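Student: the following block contains a protein sequence and its predicted model.
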Amino acid sequence: MTGPGRVFLVGAGPGDPELLTLKALRRMAQADAVVYDRLVSPDILDLVPAAAERHPVGKAPRNHPVPQEEINDLMVALAGRGLQVVRLKGGDPFVFGRGGEEMLALKRAGIPYEVVPGISAAQGCAAEVGIPLTHRGIANSVRYITGHCRADLALDLDWAGLANAETTLVVYMGVANIGSISRALIAHGMDREMPVLAVSRATLADERRLRADLGTITGKVRAAQMPGPVLFIIGRVLDLHDPLPAIDLAGISVEAPIEVFHA
């Protein structure tokens, strides 16, 4: 192939292939090479042309087999060969997806690029469960926060600002640190009975949900051993959803997973 290549930073959405945008689907159909994350579902990868090169670069907690710098270099090298490259990322590229870092690397290398937004994990999860992230008279704002810092550093967040009863919090990558997160929020004034919903593998057929409160979420999530990725929603908006039935697991009262049906 001749001529300059191009990189498309494409948001693959929260997992369900029906939540891909039309533009994302078109860009995938045009791909000569796809560089994809661990959280991109197999059903979405099935939509990639069979002839396209596939480059898995997925990361897991405390396991980054392909460092970010190597991912950047790979995209530049593929585009340098004149290929149309789709960098396929779970959710939205610019929401805890390091899409900004990749965009800057492409700019520095002089590689043409386009960003294709995707439905974020938070949006997909809230819609699937039936919980508005904001609601008049209950939550006047929503904040997305990371539950994991680079190099495994301690979380240093604006806990006083986050512990606002009128704000819905959505925690990404928070399983390992949900204990310290909940303790910090309580220490800064949030009610220990503030409802929390943990959702595992949101929008996929094996989605699981667990309801607790700030004071009990750590033990319940640990007992349930929910497979990743897990998203946490914290806030009064959860009161708009019917309570989930409780079961007893390993001596700890936890919420039963809800079976999800797709039309």
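Tutor: On my side now, so go ahead.
Student: quick one, helices of the stretch 151-263 of the chain?
Tutor: Secondary structure of the stretch 151-263 of the chain (DSSP state H, counting those that start in this stretch): helices located at 159-162, 178-187, 217-224.
Student: nearest to residue 91, out of these?
Tutor: helix 178-187 (19.3 Å; Cβ to Cβ). The C-beta positions use only the backbone N, C-alpha and C, and glycine is treated the same way.
Student: mind listing what's buried in the closest one?
Tutor: Residues of helix 178-187 classed as buried: 178, 181-182, 184-186 (neighbour count, 16 or more other Cβ atoms under 10 Å).
Student: a markdown table please, covering those and showing distance to residue 237 and pLDDT.
Tutor: Listed next are the buried residues of helix 178-187 as a markdown table, based on distance: Cβ to Cβ, whole Å; pLDDT from 0 to 100:
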| residue | distance to residue 237 | pLDDT |
| --- | --- | --- |
| 178 | 19 | 95 |
| 181 | 18 | 96 |
| 182 | 17 | 97 |
| 184 | 21 | 96 |
| 185 | 16 | 97 |
| 186 | 19 | 98 |
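Student: after the longest helix along the chain comes which helix or strand?
Tutor: The longest helix of the chain (DSSP state H) is helix 68-80. The C-terminal neighbour of helix 68-80 among helices and strands, as given by DSSP states H and E, is strand 84-89.
Student: what angle separates that next one from helix 68-80?
Tutor: Here strand 84-89 runs at an angle of 150 degrees relative to helix 68-80 (axes from the mean of the first three to the mean of the last three Cα atoms, to 10 degrees).
Student: element containing residue 43, please.
Tutor: Applying DSSP H and E, one finds residue 43 within helix 42-45.
Student: what packs against that helix?
Tutor: Contacting helix 42-45 under the criterion 3 or more Cβ pairs under 8 Å, 6 or more residues apart in numbering; DSSP states H and E is no other helix or strand.
Student: list the contacts of residue 124.
Tutor: For residue 124, the contacting residues are 13-16, 19, 91, 202-203, by Cβ atoms under 8 Å, 6 or more residues apart in numbering.
Student: same check on residue 185?
Tutor: 159, 162-163, 169, 194, 214, 234.
Student: for residue 42, find the nearest of the helices of the stretch 151-263 of the chain.
Tutor: That would be helix 217-224 among the helices of the stretch 151-263 of the chain, by Cβ to Cβ, at 23.9 Å.
Student: could you dump that closest one to CSV, C-alpha only?
Tutor: This file holds the C-alpha atoms of helix 217-224, laid out as CSV (Å, rounded to 0.1, in the frame of the first residue of the first chain):
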residue,chain,number,x,y,z
ILE,A,217,-19.2,-2.7,50.0
THR,A,218,-15.6,-3.8,50.6
GLY,A,219,-16.5,-7.1,52.3
LYS,A,220,-19.3,-7.9,49.9
VAL,A,221,-17.2,-7.4,46.8
ARG,A,222,-14.4,-9.4,48.2
ALA,A,223,-16.8,-12.3,49.0
ALA,A,224,-18.6,-12.1,45.7
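Student: buried set for it?
Tutor: So for helix 217-224, counting by 16+ other Cβ under 10 Å, buried means 217-221, 223-224.
Student: distance to residue 241 for these - can I get that in JSON lines?
Tutor: Listed next are the buried residues of helix 217-224 as JSON lines, based on distance: Cβ to Cβ, whole Å:
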{"residue": "217", "distance to residue 241": "16"}
{"residue": "218", "distance to residue 241": "21"}
{"residue": "219", "distance to residue 241": "22"}
{"residue": "220", "distance to residue 241": "17"}
{"residue": "221", "distance to residue 241": "18"}
{"residue": "223", "distance to residue 241": "22"}
{"residue": "224", "distance to residue 241": "18"}
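Student: can you give me the strands in the stretch 101-250 of the chain?
Tutor: 113-116, 141-146, 167-172, 195-200, 208-213, 230-234, 246-249 (DSSP state E, counting those that start in this stretch).
Student: so what strands line up beside the second one?
Tutor: Read that as strand 141-146. strand 167-172 (parallel) (DSSP bridges).
Student: look up how far residue 131 lies from the closest residue to residue 192 other than its chain neighbours.
Tutor: Leaving aside its chain neighbours, residue 192 sits nearest to residue 215 (3.9 Å; criterion: Cβ to Cβ, 6 or more residues apart in numbering). Distance of residue 215 to residue 131, computed by Cβ to Cβ, to the nearest Å: 20 Å.
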